[in-house]
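In: sequence and predicted model, in that order:
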Amino acid sequence: MTSFSFSTVPTILSAPGATKELGRELRTRFPDARRVLLVTDRGFLRTGLADAPLASLRAAMFHVEQFADVLADPPEHVIEEALAVARRHETELVIGLGGGSSMDVAKLVAVLTASPQSLAEIYGVGNVRGERLPLVQIPTTAGTGSEVTNISIVTTGATSKMGIVASQLFADLAILDAELTIGLPPAVTAATGIDAMVHAIEAYTSKHKKNPLSDGLARQALGLLSRHLIRACENGHDLAARQAMLLGAMLAGQAFTNAPVGAVHALAYPIGGTFHVPHGLSNSLVLPHVLRFNAEACAEQYAELATIVVPHAEGNAHIRAEALAVAMQQFATITGLPRTLRQVGIVESDLDLLADDAMKQTRLLGNNPRPLTREDAYALYKLAL
């Protein structure tokens, strides 16, 4: 058996309504902390769903400051503004409450608030030095899995992004509370859910770090997500479906943290970065085409996943791999997501730029089960057009 290592957060709490007792939970786990910074976004605050967790924190005698200016794909100035608030507040505990962007900002605040390092110094892999503040992550979407990953993505220019990967970015505690996801619109539920499924699929076929723990988590995640995605979209108040989606996204996050994603994400990032298409939707637009491209190298693995998503599929490995690609397209169709690049404003003259940018994603492309050239990238975008 191939040797491997596997890392994740030490504690996960999964329970609908858990954040109503957030203060008591954190007072038990962090008895010496008093000054808390809650990192979130204004859109989530407007839903009112943060009111109960905030009241619980204050009832437990936490002094809570809020940073609610997180933007999607957070630019560097958002990180710096959050750090300024954290330092003024003399923060002792950081809570990320929101989607992937809020949780990514929370990670960096926890790492940098008391550190002599600057943001610019920690880009890349393993460049964070020293300890961080205690960190709790609470997702409000079922997609990124950021609550259990050790990476943050920062927008560094008009369309460019950089990643920070370090063990210090793993949270102390992740809390999955489906009551916080009740207000998600169907389109957001669908796009984030498909993003989580991509995490599971790409972890299962990761070229260099595929391992039995990630494989098991990916399979479990894909089962939960594929069974509950449409339910959650059709009835946003289905708490059981919402909790299953959160659990599936978290398991997929654990899987791909240890068996990294590949060409689907490599082709999706330029779509999001240049055309500001949400990340989950960007993945969905290229997913079936990349699956068919990769099937030449990993049809057996796709066939194994097809038994989870489309258990009635029959035939040889290539036929079942195609059934998986069709099923993923059907999720987008049934939930009403755009299915072509043209539907999000991309035209044929944009494809050269996309292909060039995709080839810059060398870290991701190296994980793909089949080598992918610029010509391949252009052809895949053309199929998605």
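Out: Yep, that arrived. Residues are numbered from 1 along each chain as shown.
In: can you list the domains in this protein?
Out: 11-180, 186-384 (automatic domain parsing).
In: turn those into JSON lines, columns for mean neighbour count, distance to residue 5 and mean pLDDT.
Out: From N, CA and C alone the C-beta is placed, and that goes for glycine too. Output for the domains of the chain, formatted as JSON lines (neighbours: other C-beta atoms under 10 Å; distance: least, C-beta to C-beta, whole Å; pLDDT from 0 to 100):
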{"stretch": "domain 11-180", "mean neighbour count": "20", "distance to residue 5": "11", "mean pLDDT": "96"}
{"stretch": "domain 186-384", "mean neighbour count": "21", "distance to residue 5": "8", "mean pLDDT": "97"}
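In: can I get these in JSON lines with distance to residue 4?
Out: JSON lines is the format used below for the domains of the chain (distance: least, C-beta to C-beta, whole Å):
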{"stretch": "domain 11-180", "distance to residue 4": "16"}
{"stretch": "domain 186-384", "distance to residue 4": "4"}
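In: show me where the stretch 201-350 of the chain has helices.
Out: 212-234, 239-258, 263-275, 279-309, 317-335 (DSSP state H, counting those that start in this stretch).
In: need those in JSON lines with distance to residue 102, can you?
Out: What follows is these, written out as JSON lines (distance: least, C-beta to C-beta, whole Å):
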{"stretch": "helix 212-234", "distance to residue 102": "21"}
{"stretch": "helix 239-258", "distance to residue 102": "15"}
{"stretch": "helix 263-275", "distance to residue 102": "17"}
{"stretch": "helix 279-309", "distance to residue 102": "14"}
{"stretch": "helix 317-335", "distance to residue 102": "24"}
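In: do you know which of those lies nearest residue 57?
Out: Of all these, it is helix 239-258 that lies closest to residue 57, at 20.8 Å by C-beta to C-beta.
In: pull the distance from the closest one to the chain's centre.
Out: Here the centre of helix 239-258 is set off from its chain's centre by 10 Å, with C-alpha atoms, centre = their mean, to the nearest Å.
In: using CSV, write out every CA atom in it.
Out: What follows is helix 239-258, C-alpha atoms only, in CSV (Å, rounded to 0.1, in the frame of the first residue of the first chain):
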residue,chain,number,x,y,z
LEU,A,239,-33.4,20.7,7.4
ALA,A,240,-32.4,17.1,7.0
ALA,A,241,-31.3,17.7,3.4
ARG,A,242,-29.5,20.9,4.3
GLN,A,243,-27.6,19.1,7.1
ALA,A,244,-26.7,16.2,4.8
MET,A,245,-25.4,18.8,2.2
LEU,A,246,-23.2,20.5,4.9
LEU,A,247,-21.8,17.1,6.0
GLY,A,248,-21.1,16.1,2.4
ALA,A,249,-19.3,19.3,1.7
MET,A,250,-17.2,19.0,4.8
LEU,A,251,-16.2,15.4,4.0
ALA,A,252,-15.3,16.5,0.5
GLY,A,253,-13.2,19.3,2.0
GLN,A,254,-11.3,16.8,4.1
ALA,A,255,-10.8,14.6,1.0
PHE,A,256,-9.4,17.2,-1.3
THR,A,257,-7.2,18.8,1.3
ASN,A,258,-5.3,15.6,1.4
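In: and the residue nearest the centre of the chain, how far from residue 63?
Out: Nearest to the geometric centre of the chain sits residue 144, at 1.4 Å (C-alpha atoms, centre = their mean). According to C-beta to C-beta, to the nearest Å, residue 144 and residue 63 sit 29 Å apart.
In: enumerate every residue touching the residue in the chain sticking out farthest from the centre.
Out: Taking C-alpha atoms, centre = their mean, the residue of the chain most remote from its mean C-alpha position is residue 315, at 33.1 Å. Shown in contact with residue 315 (C-beta atoms under 8 Å, 6 or more residues apart in numbering): residue 323.
In: ok, now residue 331?
Out: 190, 193-194, 197, 226, 229-230, 284.
In: one more time with 10 Å, if that's ok
Out: Residue 331 sits next to 190, 193-194, 197, 225-226, 229-230, 233, 284, 287-288, 309, 337 when contact means C-beta atoms under 10 Å, 6 or more residues apart in numbering.
In: same deal with residue 312?
Out: 306, 323.
In: ok, 6 Å please
Out: Residues near residue 312 by C-beta atoms under 6 Å, 6 or more residues apart in numbering: none.
In: pretty sure residue 279 sits against residue 272.
Out: Yes - taking contacts as C-beta atoms under 6 Å, residue 279 lies within contact range of residue 272: 5.1 Å.
In: for residue 52, give me its contacts.
Out: Taking C-beta under 6 Å, 6+ apart as the contact definition, residue 52 lies against residue 20.
In: for it, give me phi and psi.
Out: Per-residue torsions, residue 52: phi -70, psi -50 (degrees, to the nearest 10).
In: could we number from 609 for the rest of this?
Out: Sure, I'll start numbering at 609, so the last one becomes residue 660.
In: what about residue 959, distance to residue 986?
Out: 6 Å.
In: ditto for residue 927
Out: In terms of C-beta to C-beta, residue 927 sits 28 Å off from residue 986.
In: and residue 867, by the same measure?
Out: In terms of C-beta to C-beta, residue 867 sits 27 Å off from residue 986.
In: try residue 625
Out: 49 Å.
In: cool, residue 876 as well?
Out: From residue 876 over to residue 986 (counting by C-beta to C-beta), the distance is 15 Å.
In: and after the one helix or strand residue 686 maps to, which helix or strand comes next?
Out: Residue 686 belongs to helix 684-696 when assigned by DSSP states H and E. Counting by DSSP H and E, the element after helix 684-696 in chain order, helix or strand, is strand 701-706.
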